[in-house]
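[1] Got a predicted structure plus its sequence, pasted below:
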Amino acid sequence: MIRVLVVDDDFMVAKLHSSVVSRQAGFQVVGVVHSAGAALEAVRTLRPDLVLLDVYLPDMSGLDVLRRLRERASGTDVIVISAARDLESVRKALHGGVFHYLVKPFEVDTLRQRLVEFADHRAELGDLDESTEMRQDDVDRAFRAQSSGQTRRLPKSISPETIDVVVRALEGVDDDGMSAMECADATGLSRSSTRRYLDHLVETGAAELLPPRYGAAGRPERRYRSRPR
């Protein structure tokens, strides 16, 4: 389990972020604090793998918390989550080696996606052997694991979890494929949402659009199926 500490001065925001983390497979919330001093103490005692760190805290800037963590040589990773949009804040976060910087407000799916990317990053690093010296290709893998997660972007209205649901529905049909309505019935999504996800899968090459068939009303019906591997 990836152990996460949530740091935000807004109690409701902290509760929301904790809920998102708790529902994400492979993640566990080990603490929720609302000040910089409490954050530094929690990192020392709880030793989280990841901190979701706000910048605007009542007693000290979250960026100063980040600096102190690095001065302590803390190996805890950090995702900054803040309304701070100024270049200096972003620059300080980058210099502090944060995994990512999320600007409030954002959709919950965006946080979920960053958690997925962080888990992928840790899994990639976990495959490397710490008992031997790293070759250049090992170093390249380590940096590629982080940069690929940060450059991999989904459209704003698309979530990775729902993509998996739609893909599984497509994989369960024969070569005739399925219509958006049939896929909606199979997944429990609305027809408009299903159509959006199906079109996204076609655009990314994960699915293909078949020649239309004519339904009972005589209208052409678009059909989709998984692209053969």
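    Received the coordinates, thanks.

[2] So what's the model's average confidence on the strand or helix carrying residue 19?
    Assigned by DSSP states H and E, residue 19 falls within helix 11-22. For helix 11-22, the mean per-residue pLDDT is 95.

[3] Just name whatever secondary elements it is in contact with.
    Contact partners of helix 11-22 among helices and strands, from 3 or more CB pairs under 8 Å, 6 or more residues apart in numbering; DSSP states H and E: strand 2-7, strand 27-33, helix 108-126. No exception for glycine: its C-beta is placed from N, CA and C like everyone else's.

[4] In terms of mean pLDDT, which of these ranks lowest?
    Considering the helices and strands packed on helix 11-22 one by one, the lowest average pLDDT is found for helix 108-126, at a mean of 83.

[5] if I pick residue 112, what's in contact with it?
    Going by CB atoms under 8 Å, 6 or more residues apart in numbering, residue 112 touches 20, 24, 159-161.

[6] Quick one: buried ones out of these?
    Neighbour counting over those (16 or more other CB atoms under 10 Å) leaves 20, 24, 159 as the buried ones.

[7] Pick the one among those residues closest to residue 12.
    The nearest member of the buried ones among the contacts of residue 112 to residue 12, counting by CB to CB, is residue 20 at 13.0 Å.

[8] Skipping its backbone neighbours, what lies nearest that closest one in space?
    Counting by CB to CB, 6 or more residues apart in numbering, residue 111 is the residue found nearest to residue 20 once chain neighbours are left out, at 5.3 Å.

[9] Which residue comes closest to residue 64 once chain neighbours are left out?
    For residue 64, the closest residue by CB to CB, 6+ apart turns out to be residue 36, at 6.8 Å.

[10] And the helices in the protein, which stretches?
    Read by DSSP state H, the chain holds these helices, from start to end of the chain: 11-22, 36-46, 62-71, 87-95, 108-126, 136-151, 160-171, 180-187, 191-203.

[11] To what extent is residue 169 buried, counted in neighbours?
    Residue neighbour count, defined by other CB atoms under 10 Å, stands at 23 for residue 169.

[12] Now do the contacts for the closest residue to it other than its chain neighbours.
    Spatial nearest neighbour of residue 169, excluding adjacent residues (CB to CB, 6+ apart): residue 186 at 4.4 Å. For residue 186, the residues meeting the contact criterion (CB under 8 Å, 6+ apart) are 169, 172, 178.

[13] OK, contacts around the second one?
    Taking CB under 8 Å, 6+ apart, we find residue 172 in contact with residue 186.

[14] mind checking how far it is from residue 35?
    Separation of residue 172 from residue 35 (CB to CB, to the nearest Å): 50 Å.
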